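Novice: here's a sequence, model it:
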Amino acid sequence: MSIIEPIIALASGLCLAVATATAGEPRRVFIAGDSTASVYPAERAPREGWGMRLQPLLADGWEVRNHAQSGRSARSFIEQGWLDAIAKDLRRGDVLLVQFGHNDAKVEDPARYTDPAVAYPAWLQRYVALARERGATPVLVTPVARRKFDGGQLLDTHGPYPQAMRELAGREGVALVDLNALSMDWLRGLGDAASKPYFLHVPAQRQADDTHFSAAGAQVVACLVAAGWHAADTDAPVRPVTAGTCPMIAAPAPVAVSPSIVVQERDIAVIQPGPHAGEGTTTAYPFFSDATGFNLVFRKRALHPGATIGAHVNDKDEIYYVISGRGELVLNGDAREVGPGDAILTRNGDSHALRQLGDEDLVIFIVFDEASRTP
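Specialist: Numbers count the residues shown, from 1 in each chain. Coordinates of the predicted model:
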């Protein structure tokens, strides 16, 4: 795809009527971003994205709509249709926060890579243009720093990407939250050892992740986003926090390894909509969601009549095993019927969807290794 094609697509594909909030409706802060901002279920605790902690920092009458997705770049977020979901709801008076950069630098993956000089700002421009077309306010957020120290020195792992975003914000007159600079200052102030608990350094879960946050880390980074936004625009709909107050959020003590346990599925059943924006109703059985000390995730899910697991690109290797019922599986574009005894291996980067068929619930076991997830 040429660099000019995204701009042409913008003009032809996003020209919809501008919606406006009615009286009493909340105004929304939409987040477009990657895994550092996205939402995680309880079974992935203590991992959190900073977008999960932004709501308490917003002014009254505002709410967060977090559309950030793991593993996405400014390019793949658009090409996989995630921006379309925002475009359907974005209306006059809303805000669109845009944070990408972690995955844009992955030159080994052409589906995500954007060169920082031309492609990266060109893709970011599409978010800016969409917000303005809808009467919303775009806000650019430079990528949050990784925790990478070398001999006590914090290393810059994002290279030219933050500067490319700064320059775009200057050219376009867009408010900029320089989260890269703010988070690097925060990490330098803490140092190597003291900063570990704010990231996923969880010995009980065999995790040593310097990109993603614990709950405390997500709180600090959300605070830095709010502080940087308020500094860039004193009328921003955030509480008047400053970057200096954010490091006062204390990190938790390490999580202990949980003991052996027996659970009964009827005691943990949770009614949920179809995963990945799927249709209908399902019942999830999150076995051992609070357990710590291993990476294996073991789940059961019943897809009730009409339910689906929506089409999505995998961010991990995953196995489905069909216990009962029938379904239609679409794996990398190929459809086939599946039933009891069928085991399905879906690999990281592949796409799949699953639809329940007939009158009987489609019941599946789901197994994956947390360590196989794409950052």
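Novice: mean confidence for stretch 82-99?
Specialist: Mean pLDDT, stretch 82-99: 97.
Novice: return that stretch as CSV; C-alpha atoms alone will do.
Specialist: Coordinates of each C-alpha in stretch 82-99 appear next as CSV, following Å, rounded to 0.1, in the frame of the first residue of the first chain:
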residue,chain,number,x,y,z
TRP,A,82,-10.6,-1.4,14.9
LEU,A,83,-10.8,2.3,14.0
ASP,A,84,-14.1,1.6,12.2
ALA,A,85,-15.6,0.6,15.5
ILE,A,86,-14.6,4.0,16.9
ALA,A,87,-15.9,5.8,13.8
LYS,A,88,-19.4,4.4,14.3
ASP,A,89,-19.7,6.0,17.7
LEU,A,90,-17.5,9.0,17.7
ARG,A,91,-19.5,12.2,17.9
ARG,A,92,-19.2,16.0,18.3
GLY,A,93,-17.6,16.9,21.6
ASP,A,94,-15.9,13.6,22.2
VAL,A,95,-12.1,13.1,22.5
LEU,A,96,-9.9,10.6,20.7
LEU,A,97,-6.7,9.7,22.5
VAL,A,98,-4.2,8.0,20.1
GLN,A,99,-1.1,6.1,21.4
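Novice: so which bits of it are buried?
Specialist: Neighbour-count burial for stretch 82-99, counted by 16 or more other C-beta atoms under 10 Å, picks out 82-83, 86-87, 90-91, 93-99. For every residue, glycine as well, the C-beta is placed using N, CA and C.
Novice: export those residues to a markdown table and tack on distance to residue 242 and secondary structure?
Specialist: Shown next, in a markdown table, are those (distance: C-beta to C-beta, whole Å; DSSP: H, G, I helix; E, B strand; the rest coil):
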| residue | distance to residue 242 | secondary structure |
| --- | --- | --- |
| 82 | 32 | helix |
| 83 | 32 | helix |
| 86 | 29 | helix |
| 87 | 34 | helix |
| 90 | 29 | coil |
| 91 | 31 | coil |
| 93 | 26 | coil |
| 94 | 25 | coil |
| 95 | 20 | strand |
| 96 | 24 | strand |
| 97 | 19 | strand |
| 98 | 23 | strand |
| 99 | 20 | strand |
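Novice: now name the helix or strand holding residue 164.
Specialist: Using DSSP states H and E, residue 164 sits within helix 161-172.
Novice: how about residues contacting that helix?
Specialist: Applying C-beta atoms under 8 Å, 6 or more residues apart in numbering, the external contacts of helix 161-172 come out as 101, 104-105, 116-117, 120-121, 124-125, 128, 140, 142-143, 174-176, 178, 180-181.
Novice: give me the buried subset of those.
Specialist: Buried, going by 16+ other C-beta under 10 Å: 101, 104-105, 116, 120-121, 124-125, 128, 140, 142-143, 174-176, 178, 180-181, out of the contacts of helix 161-172.
Novice: narrow the residues you listed to those in helices?
Specialist: Residues of the buried ones among the contacts of helix 161-172 located in helices (DSSP state H): 120, 121, 124, 125, 128, 180, 181.
Novice: tell me where this protein is predicted with low confidence.
Specialist: Applying pLDDT under 70 to the chain flags the ranges 1-23, 204-206, 253-255, 371-375.
Novice: could you dump the longest helix along it to PDB, C-alpha only?
Specialist: What stands out as the longest helix in the chain, according to DSSP H, is helix 215-232. The C-alpha coordinates for helix 215-232 follow below in PDB (Å, rounded to 0.1, in the frame of the first residue of the first chain):
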ATOM      1  CA  ALA A 215      -2.200  -2.400  38.500                       C
ATOM      2  CA  ALA A 216       0.000   0.200  40.300                       C
ATOM      3  CA  GLY A 217       2.000   0.800  37.100                       C
ATOM      4  CA  ALA A 218      -1.300   1.300  35.100                       C
ATOM      5  CA  GLN A 219      -2.400   3.800  37.700                       C
ATOM      6  CA  VAL A 220       0.800   5.800  37.500                       C
ATOM      7  CA  VAL A 221       0.800   5.900  33.700                       C
ATOM      8  CA  ALA A 222      -2.800   6.900  33.600                       C
ATOM      9  CA  CYS A 223      -2.000   9.700  36.000                       C
ATOM     10  CA  LEU A 224       0.900  10.800  33.700                       C
ATOM     11  CA  VAL A 225      -1.500  10.800  30.700                       C
ATOM     12  CA  ALA A 226      -3.900  13.000  32.600                       C
ATOM     13  CA  ALA A 227      -1.100  15.300  33.800                       C
ATOM     14  CA  GLY A 228       0.400  15.600  30.400                       C
ATOM     15  CA  TRP A 229      -3.000  16.300  28.900                       C
ATOM     16  CA  HIS A 230      -3.900  19.000  31.400                       C
ATOM     17  CA  ALA A 231      -0.500  20.600  30.900                       C
ATOM     18  CA  ALA A 232      -1.100  20.700  27.100                       C
END
